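*Asks:* Sequence plus predicted model, see below.
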Amino acid sequence: MITHIKSITIYVSDQDKSADFYVNKLGWEKRNDIPYSGAIRWIEVAPPGAQTVLILDKGYGGWTPEQVGKYPGPMLHADDVYATYETLRARGVQFTEGVSEQPWGQWTEFVDPDGTHFFLGSNQTPTGRPLISHAHASSIHVKDPDKALDFYVNKLGLTKQTDAPMGDQRWIELAIPGAETILLPISHFSYWSPERVGIFSRMVLACDDCQATYEALAAKGVEFTEKPNKQFFGLIQAQFLDQDGNRYALVES
């Protein structure tokens, strides 16, 4: 079945400037930088040792200039937000707010060169590990939290980690057992909009056996738009939709 979130895509205007930001300012690793089509490259970056990578997308997969900087990036985790804030600020990273103490832990926010917002938080006691350790969470836009829960928990097999009131809404966290990055199905929060429902999913999910996972999920009623097949980059991939039409790639990894 599904083992973890393999990648999250953000849209960028200049792949070299973005790679410089994530590698030289945030201190991440460049995992892949290969030709994709013409002058377009497939670039993956990630915090050292992290399970989930960030794809710096320009020119493919639904990219348009209008989308650059418009959507929030994944939530990032640091063991010591105060120390990470000071270090990144000294490297020229632009923060939109200082570090605050929230009920769930330390919290701040910064932007990349294209204005994509990243939330940086921690709910643990500092352990001395450096800077950003992994992508903590990625959000998807849904219409109905209960229908989303039914799909992700009862069909995909994710675990409901948190379901708590947050004003008139609910804060829901879904976890893939053993994975470090969680999924946040959001509805009607400040950056939610109905226009993003069903068209804004940039996550690739990993599994051990794509054919077996495809057959198991299809038997539960999951709608696949692409059956498992080998891609030009060597991996076997399928694609499916959630209850709102959010699209996911499923790769054997």
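*Replies:* Perfect, I can see it now.

*Asks:* what is the residue lying closest to residue 98 once chain neighbours are set aside paired to in the beta sheet?
*Replies:* Using C-beta to C-beta, 6 or more residues apart in numbering and skipping the chain neighbours, the partner closest in space to residue 98 is residue 108 (6.5 Å). (C-beta placed from N, C-alpha, C; glycine too.) Judged by DSSP bridges, the bridge partners of residue 108 are residue 120.

*Asks:* could you point out which element follows the helix or strand encompassing residue 42?
*Replies:* Per DSSP states H and E: residue 42 is located in strand 40-46. Scanning forward in sequence from strand 40-46 by DSSP H and E, the next helix or strand is strand 53-57.

*Asks:* Who does that following strand pair with, and is each partner parallel or antiparallel?
*Replies:* Strand pairing for strand 53-57, using DSSP bridges, gives strand 2-11 (parallel), strand 40-46 (antiparallel).

*Asks:* C-terminal to it, what's the next element?
*Replies:* strand 75-78.

*Asks:* For that following strand, name the packing helices and strands.
*Replies:* strand 117-122, strand 132-141 (3 or more C-beta pairs under 8 Å, 6 or more residues apart in numbering; DSSP states H and E).

*Asks:* Make CSV out of these and add distance to residue 35 and mean neighbour count.
*Replies:* Compiled in CSV, the helices and strands packed on strand 75-78 are given as follows (distance: least, C-beta to C-beta, whole Å; neighbours: other C-beta atoms under 10 Å):
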stretch, distance to residue 35, mean neighbour count
strand 117-122, 28, 20
strand 132-141, 26, 22
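
*Asks:* quick one: stretch 62-81 to chain centroid distance?
*Replies:* Here stretch 62-81 is found 8 Å from its chain centre; the criterion is C-alpha atoms, centre = their mean, to the nearest Å.

*Asks:* Oh, that last question was meant for stretch 81-98, not what I typed.
*Replies:* 21 Å.

*Asks:* Likewise for stretch 173-180?
*Replies:* Relative to its parent chain, stretch 173-180 has a centroid offset of 12 Å by C-alpha atoms, centre = their mean.

*Asks:* From the rest of the structure, what touches that stretch?
*Replies:* 2-5, 50-52, 134-137, 149, 152-153, 158-163, 182-185, 205 (C-beta atoms under 8 Å, 6 or more residues apart in numbering).

*Asks:* Kind regards, and thank you for your time.
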